[in-house]
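**Q** Any chance you could fold what I've pasted below:
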Amino acid sequence: MSENKNSWGGVREGAGRKATAPEGIPRKQHQLRASDSEWEKIRLFAKILKSDPARADRMLKTE
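**A** Predicted structure coming up:
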């Protein structure tokens, strides 16, 4: 391959998705099977969990 002579493209420091959670613990990849309606609920809860872990804990405590 030839050398990249452009100022765009390539690897940049700080680019891409962060591999760790805010606590510094690496996020592992997991798989599960779910229907479309179940998946929507999982996605919503995952969004809440990542943005407000205390709220997610409160949600889990109420059944």
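**Q** any idea of the pLDDT on residue 32?
**A** Note for residue 32: predicted pLDDT of 94.
**Q** mind checking the longest helix of the protein?
**A** helix 36-51 (DSSP state H).
**Q** Distance of residue 45 relative to residue 14?
**A** Residue 45 sits 28 Å away from residue 14, going by CB to CB, to the nearest Å. The way it works is simple: take the backbone N, C-alpha and C, and place the C-beta from them, glycine included.
**Q** Oops, could you answer that again for residue 24 instead?
**A** Residue 24 is 16 Å from residue 14, by CB to CB.
**Q** Quick one: the helices in this structure, in order.
**A** Under DSSP H, the chain gives helices at 36-51, 53-61.
**Q** Please tabulate the ones you listed in a markdown table, including the columns mean neighbour count and distance to residue 10.
**A** Shown next, in a markdown table, are the helices of the chain (neighbours: other CB atoms under 10 Å; distance: least, CB to CB, whole Å):
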| stretch | mean neighbour count | distance to residue 10 |
| --- | --- | --- |
| helix 36-51 | 11 | 29 |
| helix 53-61 | 11 | 35 |
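**Q** Output the ones you listed in JSON lines, with distance to residue 18 and mean pLDDT appended to each entry.
**A** Formatted as JSON lines, those follow (distance: least, CB to CB, whole Å; pLDDT from 0 to 100):
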{"stretch": "helix 36-51", "distance to residue 18": "11", "mean pLDDT": "95"}
{"stretch": "helix 53-61", "distance to residue 18": "16", "mean pLDDT": "94"}
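**Q** a markdown table please, covering those and showing distance to residue 28.
**A** Output for these, formatted as a markdown table (distance: least, CB to CB, whole Å):
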| stretch | distance to residue 28 |
| --- | --- |
| helix 36-51 | 14 |
| helix 53-61 | 17 |
